[in-house]
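# I'll drop the sequence and a predicted model, then ask my questions.
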Amino acid sequence: MSSNATATTTPASTTMQALVYKGPFSVSIESVPAPRIEHPSDAVVRITSSAICGSDLHMYEGRTAAEPGLRFGHENMGIVESVGDAVSVVKVGDRVVMPFNVACGSCANCQSAKTAFCTQVNHGFAGGAYGYVAMGPYPGGQAERIRVPFADFNCLVLPPGTDNEADFILLADVFPTGYHGCKLSGLQPGESIVVFGCGPVGIMAGYSARLLGAAEIYMVDRVPERLALARNFGAVAIDFSKGDAVRQILDLRRGREVDRGVDAVGYQAVTHDGKTEQPNVVLNALVDLVRPCGGLGIPGLYVPSDPGAPDDDARLGVIKFPFGRFFEKGLSLGCGQANVKSYNRQLRDLIVAGVARPSFIISNEVSLSEAPDAYDKFQKRIDGYSKVILHP
Ligand SMILES: NC(=O)c1ccc[n+]([C@@H]2O[C@H](COP(=O)([O-])OP(=O)(O)OC[C@H]3O[C@@H](n4cnc5c(N)ncnc54)[C@H](O)[C@@H]3O)[C@@H](O)[C@H]2O)c1
Ligand SMILES: [Zn+2]
Ligand SMILES: [Zn+2]
C-alpha cells in the first residue's frame, strides 16, 4: 500500500445523514459531509447501533453550553469501513464498539488507564468524547458513519456477526459507567450498596454490583418501570415519591447504614415531588446513608456551567455539599467520567460467556430518521422510553 493509501471496503460517499442539534428541544436529521481518514491512525466505522443517553438530554434540554450544529452520539458501534496506514490491529470488516471517551493511548493518564482524562485529544482539557459539548472536535455517531481517532486504541473488536448487538452497544458507555460507579465507591464482595437513579447508568450500576458480589442492593427512583428493572436482578426498589429514601432504607435495615453509595442521577436531581430540581439532594442523601469509612461513587454528571440552574451558584456548578458531615464520617468519594477502556474488554467477555446480559434495559430500537421523535419521547419519558438504540 502506498504511504497515502487506506484500506477500505467500498468507496466512501461524500455526504451522509446525521442527527444535528438545532437548539433546546430540537434536533433534526440532516445531510452532512461524510467522515474520512484524516490521520494515519484513524478508522471510519459504519454505524450499526448508536444509543441515546441521559447525558444527551442535558444538551437537548439546553442545560449545557452546547451550540446549535453539534452532532450528538457518543455510544457507538459498527463495522470498520476504512483504516489509515498506521492502524495495524483493527481490520476493515471488524465489528467494533467504541468507548464514549476519545483517548490517545499514550499520555500519562491513558497509560495509567485513566482514559476519560486523556490530555492529548481535547486542547486545554483532560478528556474527550464524541458528540459532546466541550469534549473536543469529534462529531457524534448518531449518524451513518463516524471517524474514530487512534483507532487501534479506541476500537474494541467484537465477535463477528450480529449476535448480542443489543448487549455490546451498552459497552460504549452505560455498562462500564455503572461498573465504574461501583468501583469508585470501593464496593467489596459481601457489602451493601445503594444506587440513586434507576436510569440506564443506575440500573447498570446495580447490575454491576450484583456481578461484583454485593450482598444487598438498594435502588432509588420514582419511575415505576425503572424500579421494576431494578427488581430484575434482586435489588430492593425504593420509591422516593413515597417518602424520604434515606429514612425508608434505614427503616428496612433497622437503622444500619449501607457500606457504599452510587449517585447515578447527577445535577438535575429532583426532590420527592418529581418536579423541583435540587442539585445536591442525592449528595446529601449519600452522606447521610453511607456508613462511616464507607465510599461514594459519583458517575452522575455535575457541570461547571448550567444555564438553566435553579440558583446563581448552581449556574456556575457551585453546589452545597455537607463537607463537615462527610469529614466526620471519614467517607471517601470518587467521581468523574468513566474510564471505559478499564473495563470494556472484561465486560465484553462476560457477555460472550453468557454471564452478563445488560440488554434488558433497552426500551426501544428505531431508525435514524425516527430519532427526533425518539428524543422528544425519551425526554418526556413517555411510552416507557428509557434506553433508545438508533439503527442508521
Ligand atoms: N460519568 C460518566 O462517565 C457518565 C456516563 C454516562 C452518563 N452519565 C451521567 O449519569 C447520570 C445518569 O444517566 P442516565 O442515562 O441513567 O440518566 P437518566 O436521566 O435516564 O436517569 C436518571 C434517573 O434519576 C432519577 N432521579 C432524579 N432525581 C432523583 C433522586 N433525587 N433520587 C433518585 N433518583 C432520582 C430519575 O427519575 C431518572 O430515572 C446522568 O447525569 C448522566 O449524564 C455519566
Ligand atoms: Zn452515554
Ligand atoms: Zn491520552
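Good, I have the coordinates. Numbering: from 1, shown residues only. Ligands and ions are numbered 1, 2, ... in the order given.
# secondary structure class for the residue in the stretch 151-300 of the chain that ligand 3 sits nearest to?
Residue nearest to ligand 3 within the stretch 151-300 of the chain (C-beta to the ion): Phe153, separated by 8.5 Å. C-beta coordinates here come from the backbone N, C-alpha and C atoms, glycine included. Look at Phe153: counting by DSSP: H, G, I helix; E, B strand; the rest coil, its state is helix.
# tell me the contacts of the residue nearest to it when sequence neighbours are not counted?
Residue nearest to Phe153 in three dimensions, not counting chain neighbours: Gly105, with 3.5 Å by C-beta to C-beta, 6 or more residues apart in numbering. Listed by C-beta atoms under 8 Å, 6 or more residues apart in numbering, the contact set of Gly105 reads Gln111, Thr115, Phe150, Asp152, Phe153, Asn154.
# quick one: secondary structure of Gly105?
Under the three-state scheme (three-state DSSP), Gly105 adopts coil.
# for the protein, which spans come out with low pLDDT?
For the chain, the stretches flagged by pLDDT under 70 are 1-12.
# ok, so what distance separates the residue of the stretch 151-300 of the chain closest to ligand 3 from Pro310?
40 Å (C-beta to C-beta, to the nearest Å).
# right, and Val355 touches Arg210 too?
No: using C-beta atoms under 8 Å, Val355 is not in contact with Arg210; the gap is 10.8 Å.
# and the two? which has more neighbours close in?
Between Val355 and Arg210, counting by other C-beta atoms under 10 Å, Arg210 is the more crowded of the two (16 against 10).
# near ligand 3, which residues of this protein are found?
Ala103, Cys104, Cys107, Cys110, Cys118, Gln120 (C-beta under 5 Å from the ion).
# if you set the cut-off to 6 Å instead, what comes out?
Neighbours of ligand 3 within the chain, by C-beta under 6 Å from the ion: Ala103, Cys104, Ser106, Cys107, Asn109, Cys110, Cys118, Thr119, Gln120.
# ok, which of those also contact ligand 1?
Among these, no residue sits close to ligand 1 (C-beta under 6 Å from any ligand atom).
# buried subset of these, written for PyMOL?
The buried subset of those, as determined by 16 or more other C-beta atoms under 10 Å, is captured in PyMOL by this line:
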select buried, resi 103+104+107+109+110+118+119+120
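# can the residues of the chain next to ligand 3 go into a markdown table with extra columns for distance to ligand 2?
Converted to a markdown table, those look like this (distance: C-beta to the ion, whole Å):
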| residue | distance to ligand 2 |
| --- | --- |
| Ala103 | 16 |
| Cys104 | 21 |
| Ser106 | 25 |
| Cys107 | 23 |
| Asn109 | 20 |
| Cys110 | 20 |
| Cys118 | 17 |
| Thr119 | 22 |
| Gln120 | 22 |
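# tell me the SS of the residue lying closest to Ala205 once chain neighbours are set aside?
Of all residues not flanking Ala205 in the chain, Gly178 sits nearest, at 3.7 Å (C-beta to C-beta, 6+ apart). Secondary structure state of Gly178, per three-state DSSP, is helix.
# does Gly178 touch Val201 like I think?
Yes: using C-beta under 8 Å, Gly178 makes contact with Val201 at a distance of 5.4 Å.
# can you count the residues close to Phe274?
One correction, residue 274 is Gly, not Phe. 10.
# and for it, nearest residue in space, chain neighbours not counted?
Nearest residue to Gly274, sequence neighbours excluded (C-beta to C-beta, 6+ apart): Arg222, at 5.5 Å.
# okay but that neighbour is in contact with Thr271, surely?
No: taking C-beta under 8 Å as the definition, Arg222 is not a contact partner of Thr271, at 10.0 Å.
# the more surrounded of those two?
It is Arg222, of Arg222 and Thr271, that has more neighbours when counted by other C-beta under 10 Å, with 17 against 12.
# burial check on Gly54, number of neighbours?
22.
# ok, now Leu333?
19.
# repeat that for Val44.
24.
# just list what the host helix or strand of it packs against, helices and strands only.
Counting by DSSP states H and E, the element that carries Val44 is strand 43-51. In terms of contacts (3 or more C-beta pairs under 8 Å, 6 or more residues apart in numbering; DSSP states H and E), strand 43-51 is packed against strand 75-83, strand 95-98, strand 145-148, helix 165-168, strand 388-391.
# so for ligand 1, which of the ones you listed sits nearest?
Ligand 1 sits nearest to strand 75-83 of all the helices and strands packed on strand 43-51, at 8.6 Å, using C-beta to the nearest ligand atom.
# what angle separates the closest one from strand 43-51?
Put simply, strand 75-83 runs at 160 degrees to strand 43-51, going by axes from the mean of the first three to the mean of the last three C-alpha atoms, to 10 degrees.
# so strand 75-83, near ligand 1 or not?
No: Strand 75-83 does not reach ligand 1 (C-beta under 6 Å from any ligand atom); its nearest approach is 8.6 Å.
# return the residues in contact with the residue of the stretch 101-250 of the chain found nearest ligand 1.
Residue of the stretch 101-250 of the chain nearest ligand 1, by C-beta to the nearest ligand atom: Gly199 (2.1 Å). The contact partners of Gly199, taken as C-beta under 8 Å, 6+ apart, are Gly54, Asp221, Arg226, Ala264, Val265, Ser386.
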